[in-house]
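1. Here is a sequence together with a model predicted from it:
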Amino acid sequence: MMVDGLAPAPHSPEESSISDHPLLFFLKPMVYFLKLRENAENKEKLGLF
């Protein structure tokens, strides 16, 4: 079978971590702030704010 010809060559761990890093750097704060905003909205609905 010619699986090797179709599959992309595996990257070294350094390469994959570098390519993942920018995404995580931007996504983590976004998720964090969305959760903060959600919590604030829920508190307003409950009248605790």
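-> That came through fine.

2. burial measure for G47, as a count.
-> G47: 6 surrounding residues under other CB atoms under 10 Å. (Glycine included, C-beta is placed from N, CA and C.)

3. Rounded mean pLDDT for the helix ranked longest in the chain, please.
-> Taking DSSP state H as the criterion, the chain has its longest helix at helix 13-46. Average pLDDT, helix 13-46: 78.

4. from now on call the first residue 2
-> From this message on, residue numbering opens at 2, which makes the last subject helix 14-47.

5. what sits up against stretch 39-50?
-> Taking contacts as CB atoms under 8 Å, 6 or more residues apart in numbering, no residue outside stretch 39-50 touches it.

6. Kindly format the C-alpha coordinates of that stretch as PDB.
-> What follows is stretch 39-50, C-alpha atoms only, in PDB (Å, rounded to 0.1, in the frame of the first residue of the first chain):
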ATOM      1  CA  GLU A  39     -21.000  35.000  30.600                       C
ATOM      2  CA  ASN A  40     -20.600  35.000  34.400                       C
ATOM      3  CA  ALA A  41     -21.300  38.700  34.500                       C
ATOM      4  CA  GLU A  42     -24.500  38.300  32.400                       C
ATOM      5  CA  ASN A  43     -25.700  35.500  34.600                       C
ATOM      6  CA  LYS A  44     -25.200  37.500  37.700                       C
ATOM      7  CA  GLU A  45     -27.200  40.400  36.200                       C
ATOM      8  CA  LYS A  46     -30.000  38.000  35.500                       C
ATOM      9  CA  LEU A  47     -30.000  36.700  39.000                       C
ATOM     10  CA  GLY A  48     -29.800  40.200  40.400                       C
ATOM     11  CA  LEU A  49     -26.500  39.700  42.300                       C
ATOM     12  CA  PHE A  50     -24.700  42.400  40.400                       C
END
